[in-house]
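Colleague: whatever this is, show me its structure:
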Amino acid sequence: MATTNNVAAATSSSTYTYTPTTDASKAATGAAANAANDPATAQDRFLKLLVAQLTNQDPMNPMDNAQMTSQIAQINTVTGITQLNSTVKDMAAQLAATQGMQAAALVGRTVQAEGDTLSIDKTSKAGTGSFELAGSASSVVVNVATASGKSLGSINMGTLGAGAHDFSFDASGYTGTEPLKFTVEATNKGTAVTSTSLTRSTVTSVGSDSSGALTLNLGNGSSVAYGKVKAIS
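Modeller: As a prediction, this is how the structure comes out:
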């Protein structure tokens with residue numbers, strides 16, 4: 001026997017009324033949006049819809065069990081992902097707080113990190129720096145210049161093996177205020193060898209970059225990312 005459902009449609013006219021937006025209404029709207037996105041609220045809303053769908057289904061054509069199982073699995077997946085995202089955010093906040101305390105403890109300590117700024121000794125006026133070579137090099141030259149690019153000289157370090165190497169540059173003739181930078185040119189029989197510049201200086205304070213990542217401000221005028229620190233002394 002066929003079942004016929006009659007649906008009555010109603011129409012009505014509507015009148016637009018302007019209502020000024022206030023801070024209170026904005027806050028209420030934001031709170032409502034947050035509540036709607038809450039995992040528990042979303043799951044409750046889904047269950048109510050599912051019950052309504054089962055109650056009003058056509059008894060001659062009931063919902064397929066596989067379809068019902070699929071819908072339940074989907075809401076559980078969404079809820080699980082939302083809860084996982086919340087957990088990850090909490091863990092990230094805790095990690096950031098821990099790193100902040102660890103970074104603050106480095107103030108006054110000397111660190112070595114990736115960077116190309118020379119550290120100048122106030123007494124001897126010697127500029128010191130370091131670098132790492134990815135492989136052996138038959139020719140290594142360190143070029144020193146001001147931060148604006150004015151060349152001050154170079155150091156021929158000859159043949160070097162892979163690993164870390166230190167150098168010293170006589171900066172007694174430099175009377176400017178710009179930090180001194182260095183670059184490393186390393187080759188092995190004409191083939192370039194990868195090098196990583198390293199700076200060593202005392203941590204004077206802790207800050208953050210434009211993305212919010214922790215940075216260490218050094219006594220040589222440079223700033224390095226907290227995650228780039230290679231050694232602490």
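Colleague: how about R200, secondary structure?
Modeller: Look at R200: counting by DSSP: H, G, I helix; E, B strand; the rest coil, its state is strand.
Colleague: need the contact list for the residue lying closest to it once chain neighbours are set aside.
Modeller: With Cβ to Cβ, 6 or more residues apart in numbering as the measure, Q112 is the residue that lies nearest to R200, at 4.5 Å, once sequence neighbours are left out. Using the backbone N, CA and C atoms, a C-beta is placed for each residue, glycine as well. Shown in contact with Q112 (Cβ atoms under 8 Å, 6 or more residues apart in numbering): 130, 198-200, 229-233.
Colleague: apply 10 Å and report the result again.
Modeller: Residues touching Q112, when contacts are defined by Cβ atoms under 10 Å, 6 or more residues apart in numbering, comprise 130, 164, 198-201, 224, 228-233.
Colleague: where does it fall, phi/psi-wise?
Modeller: Phi and psi for Q112, reported as degrees, to the nearest 10, are phi -120, psi 130.
Colleague: can I see the domain layout of the protein?
Modeller: For the chain, the structural domains run 25-56+65-104, 110-232, going by automatic domain parsing.
Colleague: follow-up on the earlier one: hey, what's the residue nearest to R200 bridged with?
Modeller: R200, A231 (DSSP bridges).
Colleague: pull up the gap between it and S119, please.
Modeller: 10 Å (Cβ to Cβ, to the nearest Å).
Colleague: identify the contacts common to those two.
Modeller: In contact with both Q112 and S119: 130, 199-201, using Cβ under 10 Å, 6+ apart.
Colleague: related to what we said a few turns ago, and the contacts of Q112, which of them are buried?
Modeller: 130, 198-201, 224, 229 (16 or more other Cβ atoms under 10 Å).
Colleague: relative to A147, which of the residues you listed is nearest.
Modeller: Closest to A147 out of the buried ones among the contacts of Q112 is T199 (13.0 Å), distances taken as Cβ to Cβ.
Colleague: looking at the domains of the chain, which has the lowest confidence?
Modeller: Ranked by mean pLDDT, those end with domain 25-56+65-104 in last place, scoring a mean of 67.
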